[in-house]
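A.B. asks: show me the folded form of this:
(chains A and B)
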Protein chains: 2
Amino acid sequence: MRGDGGPTVTPWEVEGEIDYMRLIKEFGTEPLTDDLVRRFELLAGESNFMIRRRVFFSHRDLDKVMEDLEGKRGFFLYTGRGPSGPMHIGHIIPFYFTRWLQDRFKANVYIEITDDEKFLEESRGLSYDDVQRWSYENILDIAAVGFDPDRTFIFKDTEFIGQIYPLVLKIARKVNFSWVRAVFGFTPQTNIGMIFYPAIQMVPTMFERRRCLIPAAIDQDPYWRIQRDIAEGMGYYKTAAIHSKFLVPLSGPAGKMSSSKPESMISLNEDRASIRRKIWQAYSGGQPTVELHRMYGGDPNVDVAFQWLNFFFEPDDKVMREIEEGYRSGSLLSGELKEMLIEKVTKFVEEHVARREEVKDLINHYLRDGELARLMWSKKFE
Amino acid sequence: MRGDGGPTVTPWEVEGEIDYMRLIKEFGTEPLTDDLVRRFELLAGESNFMIRRRVFFSHRDLDKVMEDLEGKRGFFLYTGRGPSGPMHIGHIIPFYFTRWLQDRFKANVYIEITDDEKFLEESRGLSYDDVQRWSYENILDIAAVGFDPDRTFIFKDTEFIGQIYPLVLKIARKVNFSWVRAVFGFTPQTNIGMIFYPAIQMVPTMFERRRCLIPAAIDQDPYWRIQRDIAEGMGYYKTAAIHSKFLVPLSGPAGKMSSSKPESMISLNEDRASIRRKIWQAYSGGQPTVELHRMYGGDPNVDVAFQWLNFFFEPDDKVMREIEEGYRSGSLLSGELKEMLIEKVTKFVEEHVARREEVKDLINHYLRDGELARLMWSKKFE
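C.D. replies: Here you go, the predicted model:
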């Protein structure tokens, strides 16, 4: 997905203003249609605002997941985190969506902490110990999301490799350098660990003999493209996926949200004052003066505060509609819009920090002692 | 080591008549000189006929191993087996030499069963279960060699990966595709498991913070060449190696000894009649008739029976000298020479089969319960 002057979207890099309909074309995925959404809401027994608003906008085989649900075969969920630094708000949102799916369908959730990958990415310059520290911190953040402790398994690759290596090998045997070069843009300078790594990321899609559904940002899709080419030949299901957009950076739609650019994002332990300052400085779709704003109104399409509320922080469609109308008409000022977001984000972060403290004991459940975790550690995947 | 019309010598292929002095040049190793041999014999307190006769003919840093011995720092031994089929006599000989080294120096021995590698080599067409079965059979053969149960650790990669993966990653991060392509002749069609595998084979050289000595056939040397380029930067010793020649196939020096060509080798459970038949049919350096042989004598340099006796089966130099003189002069007939070898090989195989039965209980010691095995399973290599 490089080299044509458009935005860069690979599993390791996302930058530039993104045309999501074009991504659907480039990645070869399917758009989430109104029909699919209605059918999914019926099965879930509830509407989800992130689907409704197409924050999750694209998919692979979501229709087959629904057939499996209708046929009582069920499915399982798989997502993950590359522990390369502190998690910010953009990282945690897909986990809340995954939890919603788990709640609605009583599905098992597998969460891979790809400490091997983040160590192998030389450009990050992380030591093995760095990655281990971030793994622990990130697992705490993920545990704070509130997954079902008996239906959720969180694992670090370096710890769980012993149980999965034979299956990793079976995948690796089916994928050659030429293929990963084409899919991931690897070069002869790519280290042999990175070249092998895709086999590791594919394994959890084969943890159960039923369909896997992966909720993740669309940049991870190349892995699933390979998985879908080899899975059935190995006696497993092609994985399904549901793809989210990226949360727009505070700096505006052209930039990149990254923990290495603190002004672009809100971290999960950001303090009140800092949240206020960052959102106050965020890219706005409003007019330069109150007078002009009252006269011409603001543009919600580029306004970060509006986008964040719509993406995650204001689930109520009626409220969002009022905000949009008010902002467009000029009756709602940029400052007022930002105050709304500041309040929501502050509350979210404070609650997250509090839950994070509470779950310190619970993480052993996700890692080792919960029902699903115990089952996983008793298995060898061959 | 390909492409110039000479013999093919890579870790996966050995074919053609071999010029060992040329291999020393091509692999960039050192010949085993008389001085080195004398110094080594002094340290070992015993002469070893396989060194004396240059069955082990080449090395890397054997002088440094001796310095370490003189400085009481010691060393450890590492060798391995790719479990792709039944082991034949050519496979087991280096293990006897390794055991001799262990006995003389009370050294730890690590024996890697590369079940991952043999599964990943697609051209072998082995299923995962095939490789597991051969692993078990091969481990029994290796256990029959009689290593010290408390100083020897035998491990399968697919079982031990959980303990070594972080260290594997640290190696993998330092090696790129370009490098393994140059060293092993990998291509874009090579699967990503094979590309990654060299990192796994290098890890045991870092099991201890002292020098590793690897007794192995010279075709494995490319791995050590990479190891020696990266080890010190990682805080470990460059590995030392002592390289053996290949046992000449029964079919003669131009062929290849392989379990897939049963007439070229003697398996470790070959029956009496079959040993007799195969050796009787083996390539001979004698003359076409007894009369001519008595007149012109035989050529021990190409005679398989002579080569096998010299390589392993007749440790007594005086006897070998008499055989050589008799054969050259024509007083010793090809048939008589073959009878000598038949007797030795039959005895060796029968004893091996008997020991193999006895060690069935002992293998758990090598794998799990012995002193060194327990220590290894308690560690995580990072």
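A.B. asks: how about the secondary structure of A:Phe381?
C.D. replies: Classification of A:Phe381 using DSSP: H, G, I helix; E, B strand; the rest coil returns coil.
A.B. asks: quick one: residues contacting the residue in chain A that chain B sits nearest to.
C.D. replies: Using C-beta to the nearest C-beta, the closest approach of chain A to chain B is made by A:Gly162 at 2.5 Å. No exception for glycine: its C-beta is placed from N, CA and C like everyone else's. Contacts for A:Gly162 (C-beta atoms under 8 Å, 6 or more residues apart in numbering or on different chains) come out as B:159, B:161-163, B:165.
A.B. asks: distance of it relative to B:Lys380?
C.D. replies: Distance, A:Gly162 to B:Lys380, using C-beta to C-beta, to the nearest Å: 11 Å.
A.B. asks: and if you look at A:Glu351?
C.D. replies: Distance from A:Glu351 to B:Lys380, by C-beta to C-beta: 36 Å.
A.B. asks: quick one, phi psi at A:Gly71?
C.D. replies: phi -90, psi 10 (degrees, to the nearest 10).
A.B. asks: which of the helices or strands spans the residue of chain A closest to chain B?
C.D. replies: Using DSSP states H and E, A:Gly162 sits in helix A:157-172.
A.B. asks: before we move on, what about A:Tyr110?
C.D. replies: strand A:109-113.
A.B. asks: any idea which helix or strand comes after that strand?
C.D. replies: helix A:115-120.
A.B. asks: what about that next one and chain B, touching?
C.D. replies: Yes: Helix A:115-120 reaches chain B (C-beta under 8 Å from any C-beta of the partner chain) through A:116, A:119-120.
A.B. asks: and what of stretch A:366-382?
C.D. replies: Yes: interface with chain B: stretch A:366-382 contributes A:Glu382 (C-beta under 8 Å from any C-beta).
A.B. asks: and stretch A:148-165, C-alpha only, in PDB?
C.D. replies: Output of stretch A:148-165 as PDB, limited to C-alpha atoms (Å, rounded to 0.1, in the frame of the first residue of the first chain):
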ATOM      1  CA  ASP A 148     -14.800 -12.000  30.900                       C
ATOM      2  CA  PRO A 149     -12.000 -13.600  33.000                       C
ATOM      3  CA  ASP A 150     -13.000 -17.200  32.100                       C
ATOM      4  CA  ARG A 151     -13.500 -16.500  28.400                       C
ATOM      5  CA  THR A 152     -10.400 -14.500  27.800                       C
ATOM      6  CA  PHE A 153      -6.800 -15.500  27.300                       C
ATOM      7  CA  ILE A 154      -4.000 -12.900  27.100                       C
ATOM      8  CA  PHE A 155      -0.600 -14.300  26.100                       C
ATOM      9  CA  LYS A 156       2.900 -13.000  25.300                       C
ATOM     10  CA  ASP A 157       4.400 -14.600  22.300                       C
ATOM     11  CA  THR A 158       7.700 -15.200  24.100                       C
ATOM     12  CA  GLU A 159       5.900 -17.100  26.800                       C
ATOM     13  CA  PHE A 160       3.300 -19.000  24.800                       C
ATOM     14  CA  ILE A 161       5.600 -20.000  21.900                       C
ATOM     15  CA  GLY A 162       6.200 -23.400  23.500                       C
ATOM     16  CA  GLN A 163       2.600 -24.400  23.100                       C
ATOM     17  CA  ILE A 164       2.200 -23.100  19.500                       C
ATOM     18  CA  TYR A 165       5.500 -23.700  17.700                       C
END
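A.B. asks: now do the end-to-end distance for stretch A:363-373.
C.D. replies: 11 Å (C-alpha to C-alpha, to the nearest Å).
A.B. asks: quick one: pLDDT of the closest residue in space to A:Met21 that isn't next to it in sequence?
C.D. replies: Residue nearest to A:Met21 in three dimensions, not counting chain neighbours: A:Pro31, with 7.4 Å by C-beta to C-beta, 6 or more residues apart in numbering or on different chains. Looking at A:Pro31, its pLDDT reads 96.
A.B. asks: give me the phi and psi angles of A:Pro31.
C.D. replies: Here A:Pro31 shows phi and psi, under degrees, to the nearest 10, equal to phi -70, psi 150.
A.B. asks: can you name the residues that contact it?
C.D. replies: Here A:Pro31 is in contact with A:21, A:24, A:57-58 (criterion: C-beta under 8 Å, 6+ apart).
A.B. asks: who in the stretch 51-200 of chain A is up against chain B?
C.D. replies: Residues of the stretch 51-200 of chain A lying close to chain B by C-beta under 8 Å from any C-beta are A:116, A:119-120, A:122, A:128, A:157-159, A:161-163, A:165-166, A:168-170, A:172-178, A:180-181, A:186-193, A:195-196, A:198-199.
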